[in-house]
Structure formats: structure tokens, C-alpha cells
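J.: Quick one, what's the 3D model for this:
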Amino acid sequence: MNEPLLLLPGAMCDARLYLPAIVRFSQSRPVQVASLTQGETVTEMAEHALAAAPARFALVGLGLGGAVALEMLQRAPERIHRIALVSTDPLAETPPAAAARELRILAARAGRLDEAAAEDLPATALAPGPGRMQVAHLVRQMATALGAAVFTRQARAMQRRPDQQKTLRRMPHPALVLSGAHDGLVPERRQGFAAELMRNAEWERIEGAGHLVPLEQPEAFSRALVRWLARPSALA
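T.: Predicted coordinates:
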């Protein structure tokens, strides 16, 4: 049987972020989506995800999910055959970004979750075009379903996330870094830097996508994962 695939959603997203990929890959392998709604640090979220994960697996994370994926890799490298980081910043949050995030936390806790979520993922973070409003609408639905308490926990986790350069340098297995060409949240140079640190990584820029590559360009996302999953692993 092909190795299980574990998917970690981005901030204020649920399994709907990966729905096209779930349909595609569940035909050939076990597919699991982790919940990142518990814990206030990426370490606590990684512990929850590892506790529910298969013994060994391929790991995909986007944004917050990418930060948690790197923490899982740091804590249990023997269980992860390969890793894909999507729209992921491998560095710690800067003080200005943390301060801006604090204002969004206050807004969410004051009953203005819609406002906070919209500022957390502005329209400029998504690719322009006719699909932008549809994706933004789904994001609002997911954020509303998860609620202000989850927003606060996930924002705190992003504020406190560690620098993962050492973790990336120790990753010997097939790695993939996917960047949306219109990602207005995570600088492309930081995503390229993550790929450079890993000895067995490929970096792919997805045209027509912003921060939420699996939703904005689901076919291109799945094709990239197919190539990544086909690469030989030392643990296979």
C-alpha cells in the first residue's frame, strides 16, 4: 500500500481547503486531515497531530499547517517519509507582524471575527481573477465555522512559531516547496530559502495562485504532489 498522506490546513481552514486533493489521492492511498484547533503553540499542535497520525506518512502543510509540519519534523523525523510545504514561512515571526496580529486577536475576541479574518487573509493574498471571490467566500465560511477561540489560538501559535532553519537542514528525504505566484502573505524569497536549506528539495511556483494554492489551482497542486510522491525515499 502507498504511504499515508497527512494534510495540515492553514489558519482558519478545515478539510475543505484540500477537498479536490482528498478526492484525487484517496483513490490510491489513505488520506488524513489533521485538526489544528487545539493548542496555543505549534509544538502543542504538532503533538496533537502526531498522536493521531499514522506510524509513518507523507506530510503536507500550508501556512500555519506548514509551521506545524516543520515542528512535527523536528520532533519525529523518523515517522515522516517526505514533506511538502505550501505558502510556508520557515522563519520566526517578526515583531511588527506579531504586533499587527495582536490587533487582529483583539478584534476577534471583541466579536469582530469577520473583520479579523479578512485582515488575516486579505484579497491581495489571493490571485486576481474570477475565482477570487469564490475562494474568499469559502474562506469566510471556514473561519465562521471554526470561531473566535480557534482564531486566537492559531494566531498565538503563529506569533510564537520558532525559526526552523536547523530542522530544514536535517531533512534528507524528498521535499517540495510550493509557492503561489500571487501570494501576498509569505514572501517568495523566504519560501525559496526553505527549499535551498533542504538537500533533497524541489521548489515550484504555481501561476494563477496566491496563498491558498490547493483551492486556487487544485489541478496544478495535485500534479505537483503526484511528482513529489513518486520520488524515491530512503525510508521506502
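J.: Phi first, then psi, for the residue lying closest to Pro77 once chain neighbours are set aside.
T.: In this structure, Pro77 finds its nearest non-sequential neighbour in Arg170, 6.9 Å apart by CB to CB, 6 or more residues apart in numbering. Yep, even glycine has a C-beta here, placed from its N, CA and C like the rest. Torsion angles at Arg170 (phi, psi; degrees, to the nearest 10) stand at phi -90, psi 0.
J.: now swap in Glu204 and tell me
T.: Glu204 has phi and psi values of phi -130, psi 130 when expressed as degrees, to the nearest 10.
J.: Low-confidence stretches in the chain?
T.: Scanning the chain for pLDDT under 70 picks out 1, 234-236.
J.: where exactly do the strands run in the chain?
T.: 5-8, 31-33, 57-62, 80-86, 175-180, 201-206 (DSSP state E).
J.: Now distance to Ala136 and mean neighbour count too, for these, in CSV please.
T.: Formatted as CSV, those follow (distance: least, CB to CB, whole Å; neighbours: other CB atoms under 10 Å):
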stretch, distance to Ala136, mean neighbour count
strand 5-8, 21, 26
strand 31-33, 21, 19
strand 57-62, 16, 27
strand 80-86, 18, 26
strand 175-180, 14, 27
strand 201-206, 18, 18
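J.: Against Arg112, how distant is the residue nearest the centre of the chain?
T.: The centroid of the chain falls nearest to Leu62 when counting by CA atoms, centre = their mean (1.2 Å). According to CB to CB, to the nearest Å, Leu62 and Arg112 sit 25 Å apart.
J.: ok, now Ala201?
T.: Distance, Ala201 to Arg112, by CB to CB: 39 Å.
J.: burial count for the residue nearest to Thr152 when sequence neighbours are not counted?
T.: Distances taken as CB to CB, 6+ apart place Ile105 nearest to Thr152, at 5.4 Å, with adjacent residues excluded. By other CB atoms under 10 Å, 19 other residues sit near Ile105.
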